[in-house]
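Asks: Next come a sequence and a model predicted from it.
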Amino acid sequence: MNSKKGFMLLEITIAFMLMCLLFATFYHAFLQMAVSMRKIYDDVELNRVAWSVMSTVESEIMYNSQQVILQDNKYGTRIVCRNIGPQRTVAFYCSKVEGTKPKVVVYKSTQIAGKPEGVNPLSSPVVLAEKFQVEKIDGRTLCLEIELKIETTGRSKTFTEVIRLCNGHVI
């Protein structure tokens, strides 16, 4: 008795071979696409964090600071901004965050006379600050260089910004 209700073993084997052939043909392309998407995601995250840090530092230095003091510390340069307004001092610096895996993060510290100091992280928890260096170009111009690194993948980028003080000077 020969029934036409099911598939023969030969038909199933041919379908499986075709499926394996298609998988083998497109596997490398899909793998490359996934790797490229990960790199793009990492670059977007690095650019987002760099823009956030740079724009915060730049606006504080350019518009609100009467005096900018550069101090070297263990993790790079500490920028201290004495503001035009009421007795307010803002500092930008890198420091180590203790935890399961120690990492270095960029911080903004704000101190108003008579009040406790407020400290806020500027960089993302997944992005490490490898370098935070500021150089004085002249009495009113600074060069800020930040190297950021994605903790999980190791992808890193360096960002440089030249900042000109509008209302103050560098000490």
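Replies: Yes, it's here.
Asks: use CA for all of it now, contacts and neighbours both
Replies: Fine.
Asks: For Lys157, give me phi and psi.
Replies: phi -140, psi 150 (degrees, to the nearest 10).
Asks: again with the one 5 residues further on
Replies: Here the main-chain torsion angles of Val162 (degrees, to the nearest 10) amount to phi -100, psi 120.
Asks: For it, which residues are in contact?
Replies: Thr141, Leu142, Cys143, Leu144 (Cα atoms under 8 Å, 6 or more residues apart in numbering).
Asks: Over to Thr141?
Replies: Here Thr141 is in contact with Val162, Ile163, Arg164, Leu165, Val170 (criterion: Cα under 8 Å, 6+ apart).
Asks: Which of the residues you listed are buried, as a PyMOL select command?
Replies: To isolate the buried ones among these in PyMOL, judged by 16 or more other Cα atoms under 10 Å, type:
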select buried, resi 163+164+165+170
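Asks: Restricted to helices, list the contacts of Thr141.
Replies: Using DSSP state H, no member of the contacts of Thr141 sits in helices.
Asks: Relative to Glu117, which of the contacts of Thr141 is nearest.
Replies: Set against Glu117, the nearest of the contacts of Thr141 by Cα to Cα is Val170 (23.0 Å).
Asks: Mind pulling the model confidence for the nearest residue to that closest one once chain neighbours are set aside?
Replies: On the basis of Cα to Cα, 6 or more residues apart in numbering, the spatially nearest residue to Val170 that is not a chain neighbour turns out to be Val68, at 4.7 Å. We note a pLDDT of 94 for Val68 in this prediction.
Asks: Hmm, Val80 and Val68 touching each other?
Replies: Yes. In this structure, Val68 is within contact of Val80 by Cα atoms under 8 Å, at 5.7 Å.
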